[in-house]
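[1] The sequence and its predicted three-dimensional model are supplied below.
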Amino acid sequence: MPELPEVQTIVTTLHPQLRERLIQSTRMLRTDILQPPDVNLPALLQNRRIIEITRRGKKIVIRLDNLHQFFIHLGMTGRLTLESPAATEADLPRHTHLLINLDNGLQLRFHDPRRFGGVFWLGADGQADIAMGPEPLEMKTAELAEKLASTRRVIKSALLDQSLVAGLGNIYVDESLFQARIHPLTPANTLSRTQITALSRSIKQTLNRALKHKGSTLRDYRNSDGTSGDFQKLHRVYDRKGKPCPRCRTPIERIVIGGRSTHFCPNCQPSTIKSLAAATPPRRNRQ
DNA sequence: GTCCATGTTCTTTA
DNA sequence: CTAAAGAACATGGA
């Protein structure tokens, strides 16, 4: 759920509150959210000072004074919040998995009902960005072009692949493709130079607008202080099936691509492949 | 009961 | 062999 704008909002909020803080104690209420499963996280964090908290793709990376680091991934429903400690553990909200008590009397909490997220210990040598593509806000158009030329997958699926570009998810891919006027089923390696230039710009603009509004809250996402994002009000296609396109009033369509719901305007985002039907002819019986 | 969900990874198929 | 498509993961809300 949380994509780059949501994760960045959390990191931006948390950084000034976490930097220089001493970790006094750590409590794991569930151990199956930790990777690798055999590390003793409470022992590794005890009396360590947090140097900084940063973002890479959708990962929240925390670096300690001994140069060890770990990251938290929020998956679909994860929350990372800073609050006053509960009187007892029974008072904690259901699905709270990790508590980190700080020397300013506050408590960092990881909460995740579906548990698609988790805590990943990297230690001194682990790298947070193995198999991750460039940061979309920093990538050059040529970089995007090179990545897209290397795959025949449809553009919607390609942009969701974190090894291609890191940080985009279902919302911002749909919104970016709409702004660039690209049909989501277009094979990535058939995009024109002009389309790639437009896409590169659209991705950055979309993410920057979302950042200004502190992300999109559809259901689960909250900032670390519990507040919601605002950007869902400005979505042009995502979750707007049947509603009029803000540009041409044609009803927004919803289709499923790679198992993910995909929203687009059939008029503003025409398929450039003249006949998608002809490109994938009806299957004939073999032999 | 059904379907759907802001994500990733493992398995199967081509 | 590799790339791509599909299934699986776990919970809750409509």
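    The structure has been received and is ready for your questions.
[2] Quick check: residue A:187 touching residue A:149?
    No - when contacts are counted by C-beta atoms under 8 Å, residue A:187 is not listed as touching residue A:149 (10.7 Å). Every C-beta, even on glycine, is put in place using the N, C-alpha and C of the backbone.
[3] More neighbours: which of those two?
    residue A:187 (17 against 12; other C-beta atoms under 10 Å).
[4] quick one: contacts for that one?
    For residue A:187, the contact set (C-beta atoms under 8 Å, 6 or more residues apart in numbering) comprises A:152-155, A:273.
[5] Spell out which parts of chain A neighbour DNA strand B.
    Within chain A, the positions near DNA strand B by C-beta under 7 Å from any atom of the strand are A:1-3, A:6, A:57-58, A:73, A:75-76, A:114, A:116, A:160, A:162, A:169-171, A:215-221, A:259-261.
[6] Inside strands: which ones of those?
    Among the residues of chain A next to DNA strand B, DSSP state E puts A:73, A:260-261 in strands.
[7] what's next to stretch A:109-125, contact-wise?
    Against stretch A:109-125 from outside (C-beta under 8 Å, 6+ apart): A:30, A:32-36, A:39, A:41, A:44, A:59, A:66-83, A:92-100, A:128, A:220.
[8] what's the offset of it from the middle of its chain?
    Centroid separation for stretch A:109-125 versus its chain: 14 Å, with C-alpha atoms, centre = their mean, to the nearest Å.
[9] Same check on stretch A:81-101?
    24 Å.
[10] and it with DNA strand C, contact?
    Yes - contact between stretch A:81-101 and DNA strand C, assessed by C-beta under 7 Å from any atom of the strand, occurs at A:94-95.
[11] Please identify the helix or strand for the residue in the stretch 151-287 of chain A that DNA strand C sits nearest to.
    Closest residue of the stretch 151-287 of chain A to DNA strand C, C-beta to the nearest atom of the strand: residue A:152 (3.7 Å). Assessed by DSSP states H and E, residue A:152 sits outside every helix and strand.
[12] Quick check: it touching residue A:191?
    No - between residue A:152 and residue A:191 there is no contact under C-beta under 8 Å: 11.6 Å.
[13] higher neighbour count, these two?
    residue A:191 (22 against 9).
[14] before we move on, the earlier item: next, find the distance separating the residue of the stretch 151-287 of chain A closest to DNA strand C from residue A:158.
    9 Å (C-beta to C-beta, to the nearest Å).
[15] Can you work out which residues contact both of these two?
    With C-beta under 8 Å, 6+ apart as the test, residue A:152 and residue A:158 both reach residue A:188.
[16] quick one: residue A:121 is in a helix?
    No - Residue A:121: not assigned to a helix; according to DSSP: H, G, I helix; E, B strand; the rest coil it is strand.
[17] State the pLDDT value of it.
    Predicted confidence (pLDDT) for residue A:121: 98.
[18] For the nearest residue to residue A:257 once chain neighbours are set aside, the count of nearby residues, please.
    Nearest in space to residue A:257, with sequence neighbours left out and distances taken as C-beta to C-beta, 6 or more residues apart in numbering, is residue A:156 at 4.7 Å. The tally of other residues near residue A:156 (other C-beta under 10 Å) stands at 23.
[19] Repeat that for residue A:36.
    The tally of other residues near residue A:36 (other C-beta under 10 Å) stands at 9.
[20] got the contact list for it?
    Taking C-beta under 8 Å, 6+ apart, one finds residue A:121 in contact with residue A:36.
[21] ok, so what distance separates it from residue A:122?
    10 Å.
[22] Kindly report the same for residue A:216.
    29 Å.
[23] out of those two, which sits in the more crowded spot?
    residue A:216 (27 against 17).
[24] who's in contact with that one?
    A:5-6, A:171, A:210, A:229-232, A:235, A:238.
[25] buried stuff in stretch A:219-230?
    Within stretch A:219-230, the residues that count as buried by 16 or more other C-beta atoms under 10 Å are A:220-224, A:229.
[26] Show me which of the residues of chain A next to DNA strand B are buried.
    A:1-3, A:6, A:57-58, A:73, A:75-76, A:160, A:162, A:169-171, A:215-217, A:220-221.
[27] All the helices of the stretch 151-287 of chain A, residue numbers only.
    Here the stretch 151-287 of chain A has its helices, by DSSP state H, counting those that start in this stretch, at A:155-160, A:170-180, A:193-212, A:276-279.
[28] Most tightly packed of those helices?
    helix A:170-180 (a mean of 25; mean count of other C-beta atoms under 10 Å).
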